[in-house]
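>>> Got a sequence here, can you model it:
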Amino acid sequence: MTDAPPKTPAFRLYRKYLSKLRPYSFPIGVGIASDLYATFLAMIPPLFSILLFDYAYPGRDLRLLTWVVAAGLVLYFINFFFSSINDYMNVFVDEKISTSLSLDMFRKIMHLPLLSPASKNVGDTTVRILEDADLTAGMLLNAPQALLINLANLGLFLVISLMLNPYVTLLSLASIPFYLLETEFFSGRLSELREETQKNRSETYDGLQERLLSLRTVKAFCREDHEALRFKIYLDRRIKLNIKQKIIGIISAFSNSFTLQIWSTFVAWYMGYQVVHGHLTLGQLLALSAYLPQIAGPIHELANLYTNFRVGMVSLRRVDEILSLPSEWDEAFAKEPLALERGKIDVQSLSFRYDELSQTLRKITFEVPEGSSLALVGGSGAGKSTIINLLLRFYDPSEGMIYFDGQTVGRAQIDALRGRMGAVFQEISLFAGTIRENILYGNPSASDEEMREAAQMAAAHDFIDALPLKYDSPVEHFGQNFSGGQRQRLAIARALAMKPKILVLDEASSALDAESEFLIQETIHRCKGKMTVVIVAHRFSSIKGVDKIVVLDRGTVAESGTFPQLMAKKGVFFTLYQLQMGGFQEFQQRMETEFARYQRYRQDLSVILLDVSNYDQLAQNEKAGRLARLMEELNLFLRKNLRIMDFCCVFRERELLIGLPETNFQNSVRLARRLRQKIAEQVFEVDEKGFKLDVVPKVASCREDFVRYPDELIEKAEEAPTDEGMADPDQTIREEKS
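Have a look, this model is predicted:
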């Protein structure tokens, strides 16, 4: 995380999170007491060897032998009982703390600003919530408990061993310094490996999610094997880290056991020496032989505790990085109540930058009266969606102010602000559940009548009512069992169900068909007077009826006015509209004519879609008017390189469509590649400035794609793979001949 807080010392950070144990003091106390009881009872059986070998066997005392064996059996069951209680309490508290940490992190992420890395790096955040929380919980619980119990064990074993023979006991403790040095060395290596492993797991989750969510794109470009090889890189890295971790663990275990074994052998010889010289009895020898390894046990456990503490601190720091991030709801200056009753919007000198290198908005000013509608239009990167994010306070402006009903948005309570606004975005976000749950997502207390009214206003009621379960019909993850238009209409219904005073539509009609778009325009018309509507428009056909249009160009207001006023001005808006609507309407009319001819004479009809791949790069430095003229220059260049019967137009700012009557798919692919090469070699001049363009072609044909109506041919071209993903037509012909 790039904006993580400075590193806190390990023990101070550990103490900070020990408070998580307080609510579970009783079960932890029961567990520790049970473990101490079990430990104390485990110390008694070795003393039985003195009774057996020094008294019962030499004296042939059968009664004493019976009592010792019976006592050992009873102690075993009592010890098992207390150990089971300790195990249960540990599992119970560990699960509770792990769940609490995961929930705290999830809640924190839900309240983080959108620009926070934790809100964007989904794979890394998933690893932290599920795995790091679990590892942290285990360390928080086990460290103090293991420290207390092993110190108690060590103390008791030392007392008994010293009473039996102080010289042998002190000699056995002489190996501890070597053991501690080994532990310090290997724990550092394992801690570094844990950090690398968690980073690798985060990258693996990110890569996996990105590919699965983009599966259609991967298939469309025939990159399945390529993506499998890329994912294999993550898995190979994981294998190397796991093997490295295992090797270090083996070396550490061997080093520790070697030291312990060498010293134990020497101590065993010394005890034998003491027996031979009559300083130790056989019973004492057996008792010491039982106790001395148990002295090594707590020392070994304490060394493991230190190693696990250092490794666990990696996960604790990753948890703390998220929980220490500032929440957008915790800001001290954002506590004023907001009374949003009318819906008037006033934007004054608004500026915004994502970083120090680039400024997205510069001194934006406009006003939206209550109950009216405003459309924001402009080229790619003009700042339309950024303004929407500022209105919803996903971001805070660098300069300037936004007022709702005369109140400053930057000082308002976020829940009060967004609770009175309805928002629909271009990225469709439906949740697994039912249609009812999705529509009532922002207003769960709404009645069935209010839900149906919202669905009717969004033109969604008719298709919902036709479903077998109607409003209780299931919705799959991301709404995959509905079409794009249906998903968007459900999202609009969800926004209207909140009864907002301000309705924000961020390119909300871009996924709709013509009929649905018309119904949505009717919805916007019915909303006028009841709520303020702000629209980010992708299709200019959807904004003819709005009260005001603001045209953005490279983060500034280029012009504003009503639709007739802007068309009469013949400025930036007029140029953009003509490129998008004028030429495209003619293209559609010609497509209908040629498609009818294809149906009658069965002569193929193809479409090439050319996407200007460096358009966004040009948009960062050029004004919308110049870009519009550049696209028209490209349009004219294409017409000069096509047949008389072919036709073309600019489509959606950065794309061009070429219609090819009586041309099959293979010949269209060849033409697309020739045009791409010619465009790459051409310098296009606008206002005495030269531009080099890169285009990516896609091709579709009526026969190849089984097209049923004219607009579907354009849709097939949009979904088609680029020319790199197409089969080489000449190679295909050669293969067919062979």
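>>> residue ranges for the helices of the stretch 51-200 of the chain, please.
Along the stretch 51-200 of the chain, counting by DSSP state H, counting those that start in this stretch, helices occupy 62-110, 117-120, 122-127, 133-164, 166-173, 176-213.
>>> which stretch in the ones you listed is the model least sure about?
Note on the helices of the stretch 51-200 of the chain: lowest mean pLDDT is at helix 117-120, with a mean of 62.
>>> hang on, the earlier thing: with distance to residue 48 and mean neighbour count added, can I get the helices of the stretch 51-200 of the chain in TSV?
Backbone N, C-alpha and C define where each C-beta goes, glycine included. Listed next are these as TSV, based on distance: least, C-beta to C-beta, whole Å; neighbours: other C-beta atoms under 10 Å:
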stretch	distance to residue 48	mean neighbour count
helix 62-110	5	15
helix 117-120	58	16
helix 122-127	50	20
helix 133-164	13	19
helix 166-173	20	17
helix 176-213	28	16
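>>> So what's the predicted local confidence for residue 333?
46.
>>> let's number from 36 now, not from 1
Sounds good: first residue 36 from here, last item residue 368.
>>> if we can go back for a sec, let me know which of the helices of the stretch 86-235 of the chain is the nearest to residue 90.
The closest of the helices of the stretch 86-235 of the chain to residue 90 is helix 97-145. By C-beta to C-beta, the value is 6.3 Å.
>>> got CSV for the helices of the stretch 86-235 of the chain, with distance to residue 511 too?
Formatted as CSV, the helices of the stretch 86-235 of the chain follow (distance: least, C-beta to C-beta, whole Å):
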stretch, distance to residue 511
helix 97-145, 23
helix 152-155, 24
helix 157-162, 19
helix 168-199, 28
helix 201-208, 65
helix 211-248, 14
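>>> So for residue 592, which of these sits nearest?
So among the helices of the stretch 86-235 of the chain, helix 152-155 is nearest, using C-beta to C-beta, at 29.5 Å.
>>> re the thing from before, out of the helices of the stretch 86-235 of the chain, nearest to residue 49?
helix 168-199 (7.7 Å).
>>> Could you measure from the nearest residue to residue 182 once chain neighbours are set aside over to residue 347?
Sequence neighbours aside, residue 340 is the residue nearest to residue 182 in space, at 6.4 Å (criterion: C-beta to C-beta, 6 or more residues apart in numbering). To residue 347, residue 340 is 10 Å away according to C-beta to C-beta, to the nearest Å.
>>> what do those two both touch?
Listed as contacting both residue 340 and residue 347 by C-beta atoms under 8 Å, 6 or more residues apart in numbering are residue 178.
>>> how about the spatially most central residue of the chain, what does it touch?
By C-alpha atoms, centre = their mean, the chain has its centre lying nearest to residue 157, at 1.7 Å. Contact analysis of residue 157 by C-beta under 8 Å, 6+ apart lists 240-241, 244.
>>> which secondary structure element contains residue 594?
Residue 594 is located in strand 591-596, with elements delineated by DSSP states H and E.
>>> what does residue 742 give?
Using DSSP H and E, residue 742 falls within no helix or strand.
>>> Can you report phi and psi for it?
phi -80, psi 140 (degrees, to the nearest 10).
>>> Surely it and residue 754 touch.
No: using C-beta atoms under 8 Å, residue 742 and residue 754 do not qualify as a contacting pair, with a distance of 12.0 Å.
>>> quick one, which of these two is more surrounded?
Neighbour comparison, residue 742 and residue 754: the larger count goes to residue 742, with 22 against 14 (by other C-beta atoms under 10 Å).
>>> does the residue lying closest to the more buried one once chain neighbours are set aside sit in a helix, a strand or a coil?
Spatial nearest neighbour of residue 742, chain neighbours left out: residue 748 (4.7 Å); criterion: C-beta to C-beta, 6+ apart. Secondary structure, DSSP: H, G, I helix; E, B strand; the rest coil: residue 748 is helix.
>>> and residue 748, how many neighbours?
Count around residue 748 with other C-beta under 10 Å applied: 23.
>>> Residue 83 now?
20.
>>> mind checking how far the nearest residue to it once chain neighbours are set aside is from residue 95?
In space, and not counting its chain neighbours, residue 83 is closest to residue 103: 5.0 Å by C-beta to C-beta, 6+ apart. The gap separating residue 103 from residue 95 is 14 Å, by C-beta to C-beta.
>>> try residue 654
Residue 654 is 102 Å from residue 95, by C-beta to C-beta.
>>> Who has more neighbours out of those two?
residue 654 (20 against 8).
>>> Give me the below-cutoff pLDDT ranges for the stretch 286-435 of the chain.
Along the stretch 286-435 of the chain, segments meeting pLDDT under 70 span 288-303, 305-306, 308-332, 335, 364-371, 392.
>>> one more time with 80, if that's ok
Scanning the stretch 286-435 of the chain for pLDDT under 80 picks out the ranges 286-343, 345-346, 361-376, 389-394, 414-417.
>>> can you give me the helices in it?
Going by DSSP H, counting those that start in this stretch, the stretch 286-435 of the chain shows helices at 317-358, 419-426.
>>> can you pull the pLDDT of residue 768?
At residue 768, the model reports a pLDDT of 39.
>>> same thing with residue 63?
Residue 63 is given a pLDDT of 82.
>>> the strands in the stretch 436-585 of the chain, which residues?
442-443, 456-459, 468-469, 509-510, 537-541, 567-571, 583-588 (DSSP state E, counting those that start in this stretch).
>>> Other residues contacting the fifth one?
By C-beta under 8 Å, 6+ apart, the residues outside strand 537-541 that reach it are 375, 378, 380, 419-420, 423, 426-427, 439, 455-461, 527, 530-531, 559, 562, 566-571.
>>> same deal with the last one?
Around strand 583-588, the neighbours that count as contacts under C-beta under 8 Å, 6+ apart are 399, 401, 403, 407-414, 417-419, 422, 578, 592-598, 601, 606-608, 611, 658-660.
>>> how does it look with 7 Å?
Applying C-beta atoms under 7 Å, 6 or more residues apart in numbering, the contact partners of strand 583-588 are 401, 409-413, 417-419, 578, 592-598, 601, 607-608, 658-659.
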